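Asker: What follows is a predicted protein model with its sequence.
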Amino acid sequence: MKVLLKNAFLIDPQVELNIKGDLLIEDGVISKIDTSIKENVDEIFDLKNLVVVPGFADAHVHLREPGREDEETVQSGIEAGMNGGFSALCCMPNTEPAIDCAEVVTFVKDRAANSLVDVYPIGAVTKKREGKELALLGEMYEAGVVGFSDDGDPISTSKIMKYALEYSSMFDLPIIEHCEDKSLTENGVMNESINSTKFGLPPHPSLAEVIIALRDIAILRYTGGKLHLAHISAKETVEVLRLAKKEGLNITGEVTPHHFSLTDDAVENYDTNTKVNPPLRTQQDVNALIEALKDGTIDIIASDHAPHSIEEKEWEYIYAPFGMIGLETSIGLTLTKLYHSKILSIEEIIYKMSINPRKIFKLKEAVIKPGAAANLTILDLEKEWIVDKFSFKSKSINTPFHGWKLKGKSAGVINNSKFFFENKLIDLI
Ligand SMILES: [Zn+2]
Ligand SMILES: [Zn+2]
């Protein structure tokens, strides 16, 4: 089947593409790119005022299958991802049972088979994520994981981290760390600050984050391997990451849209949707994260999409689970807060949301050139819209952004010969 995308802005910094023009796709493969293409085709889509970029990948997502299919399934996660503008998702292993062996990796991959969105499981570092014994990393590598993490929890001890970095370097896959010294965050539910005192909530200091980052960097320096710091929230962590990179260590870092869009002031009304781990920090931390996005210290933007049931999020602030959903607001928040505020160019956003995550986790490449499989995200940079959590495809609605006015949205995704556009899934074969 021949499909022509017309009148779009085509942007891919990997091949120095930045033109207004047309793109021809034949049986799911890009066959021609030009300012104007005239050709007999099966279908034409007018993408006037829309921007076509390499398919975005969200490297940090929690799908709740197996175990909590009431909150999210692989399928509903795929639909939320597609609706949010992603053609690839990496899913964390804190399911029930945990993704800690080949069998569960294969189970998740099978659930995602033949979908527009590629789903890449991340394997647990320790068996059952209990922090005691290294999981079967080699077996999970063979089954197709793209990294290892005990996310939800930090890697329990220096010894396990040392083994994990040593083993994973045999497969050239990163260890993804949730930096949290649990001895400092026990019972903590929000950032330790003047606000935690004012709101009377148990504190979760940024010190807990930087201590584990420092520990892991020391181990990385000793063992080699690849370390990726997930959801960096604090200015101190940004600083140690910056120094570790200067030193030449193989380390990367990630930030979520909620950590650069909100401060701990948002906890004021005790909305449990603002309860996340790591917690929302101060304006100074937000400024440091933004600076780190600009200077390249932070490599990727990932949502840390963490669905939870309404019942559980209705518990009191101290008892409610940590996490908010993010797949369907990630692009809107990024474009509003970073692109329209002139902090990052569209090319830089393409690096943070497509090129870098694909490179760090060795996902399928997405590049806009003839001969490449069409793996694309289509953006409407100027679209103003109001976040409506009830319109989401995710099974959960735990977001504090309901009612927010954003500028910029995904308009469609193409991958695996499928096209999600105007709320319809179209086959391109
Ligand atoms: Zn985490
Ligand atoms: Zn997470």
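Answerer: Structure received. Note that the coordinates shown come from a computational prediction; the quantities given were computed from them, not determined experimentally. Numbers count the residues shown, from 1 in each chain. Ligands and ions are numbered 1, 2, ... in the order given.
Asker: rest of the way, CA atoms for contacts and neighbours
Answerer: OK.
Asker: Quick check: Leu406 is in a strand.
Answerer: Yes - counting by DSSP: H, G, I helix; E, B strand; the rest coil, one finds Leu406 located in a strand.
Asker: Okay, and the beta partners of it?
Answerer: Trp385 (DSSP bridges).
Asker: List the contacts of it.
Answerer: 332-333, 336, 384-387 (C-alpha atoms under 8 Å, 6 or more residues apart in numbering).
Asker: That one and Ile386: what is the separation?
Answerer: Remark: distance between Leu406 and Ile386 (C-alpha to C-alpha, to the nearest Å) = 6 Å.
Asker: Kindly provide the distance from the closest residue in space to Arg242 that isn't next to it in sequence to Lys337.
Answerer: Closest residue to Arg242 apart from its sequence neighbours, by C-alpha to C-alpha, 6 or more residues apart in numbering: Thr297 at 5.6 Å. According to C-alpha to C-alpha, Thr297 stands 18 Å off from Lys337.
Asker: Hmm, Leu333 and Pro257 touching each other?
Answerer: Yes - with contact defined as C-alpha atoms under 8 Å, Pro257 reaches Leu333; the gap is 6.2 Å.
Asker: what are the phi and psi values for the residue nearest the centre of the chain?
Answerer: What sits nearest the mean C-alpha location of the chain, by C-alpha atoms, centre = their mean, is Ala302, with 2.4 Å. In terms of degrees, to the nearest 10, the main-chain angles of Ala302 are phi -140, psi 150.
Asker: now the one 3 residues further on
Answerer: Phi and psi for His305, reported as degrees, to the nearest 10, are phi -50, psi 110.
Asker: Gly332 is in contact with Trp404, isn't it?
Answerer: No - look at Gly332 against Trp404 with C-alpha under 8 Å: they stay out of range, at 10.1 Å.
Asker: Name the residue in these two with the higher neighbour count.
Answerer: More neighbours surround Gly332 than the other of Gly332 and Trp404, with 29 against 13 (other C-alpha atoms under 10 Å).
Asker: Quick check: that one vs Ile360, distance?
Answerer: Distance from Gly332 to Ile360, by C-alpha to C-alpha: 23 Å.
Asker: what do you get for Tyr339?
Answerer: 23 Å.
Asker: again with Ile176
Answerer: Taking C-alpha to C-alpha, one finds Ile176 at 11 Å from Ile360.
Asker: Compare these two and say which one has the larger neighbour count.
Answerer: Ile176 (29 against 21).
Asker: can I assume that one sits in a strand?
Answerer: Yes - judged by three-state DSSP, Ile176 forms part of a strand.
Asker: Please name the residues that touch it.
Answerer: With C-alpha under 8 Å, 6+ apart, Ile176 has these contacts: 147-151, 227-230.
Asker: hmm, 10 Å instead?
Answerer: 60, 92, 122-125, 147-151, 154-155, 226-231, 251-254 (C-alpha atoms under 10 Å, 6 or more residues apart in numbering).
Asker: Can you pick out the ones from the residues you listed that are in helices?
Answerer: Counting by DSSP state H, the contacts of Ile176 place none of their members in helices.
Asker: Filter those residues to keep only those in contact with ligand 1.
Answerer: Near ligand 1, judged by C-alpha under 5 Å from the ion, the entries from those are Asp151.
Asker: Close to ligand 1: what parts of this structure are there?
Answerer: 151-152, 178.
Asker: if we can go back for a sec, give me the common contacts of Ile176 and Ile360.
Answerer: Counting by C-alpha under 10 Å, 6+ apart, the residues touching both Ile176 and Ile360 are 147, 226-228, 251-252.
Asker: Now render those residues as TSV, adding neighbour count and pLDDT.
Answerer: Shown next, in TSV, are the shared contacts of Ile176 and Ile360 (neighbours: other C-alpha atoms under 10 Å; pLDDT from 0 to 100):
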residue	neighbour count	pLDDT
Gly147	30	98
Lys226	22	98
Leu227	27	98
His228	25	98
Ile251	23	98
Thr252	24	99
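Asker: out of these, which one sits closest to Val108?
Answerer: Gly147 (14.8 Å; C-alpha to C-alpha).
Asker: Tell me the spacing between that closest one and Leu50.
Answerer: From Gly147 to Leu50 the distance is 34 Å (C-alpha to C-alpha).
Asker: Which parts of the stretch 201-350 of the chain are strands?
Answerer: Assignment of strands within the stretch 201-350 of the chain using DSSP state E, counting those that start in this stretch yields the ranges 203-204, 227-229, 251-255, 300-301.
Asker: what does the stretch 1-150 of the chain give?
Answerer: 2-12, 17-26, 29-34, 43-46, 51-54, 56-61, 86-91, 118-121, 148-149.
Asker: Let's have those strands in CSV, adding mean neighbour count.
Answerer: Formatted as CSV, the strands of the stretch 1-150 of the chain follow (neighbours: other C-alpha atoms under 10 Å):
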stretch, mean neighbour count
strand 2-12, 21
strand 17-26, 20
strand 29-34, 18
strand 43-46, 12
strand 51-54, 26
strand 56-61, 29
strand 86-91, 28
strand 118-121, 25
strand 148-149, 28
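Asker: now these as a markdown table including mean pLDDT?
Answerer: As requested, the strands of the stretch 1-150 of the chain are exported to a markdown table (pLDDT from 0 to 100):
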| stretch | mean pLDDT |
| --- | --- |
| strand 2-12 | 98 |
| strand 17-26 | 98 |
| strand 29-34 | 98 |
| strand 43-46 | 98 |
| strand 51-54 | 99 |
| strand 56-61 | 99 |
| strand 86-91 | 99 |
| strand 118-121 | 98 |
| strand 148-149 | 98 |
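Asker: Now these in JSON lines, please, with extra columns for distance to Cys101.
Answerer: JSON lines is the format used below for these (distance: least, C-alpha to C-alpha, whole Å):
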{"stretch": "strand 2-12", "distance to Cys101": "37"}
{"stretch": "strand 17-26", "distance to Cys101": "38"}
{"stretch": "strand 29-34", "distance to Cys101": "34"}
{"stretch": "strand 43-46", "distance to Cys101": "43"}
{"stretch": "strand 51-54", "distance to Cys101": "32"}
{"stretch": "strand 56-61", "distance to Cys101": "19"}
{"stretch": "strand 86-91", "distance to Cys101": "14"}
{"stretch": "strand 118-121", "distance to Cys101": "11"}
{"stretch": "strand 148-149", "distance to Cys101": "11"}
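Asker: Fine, thanks again, bye for now.
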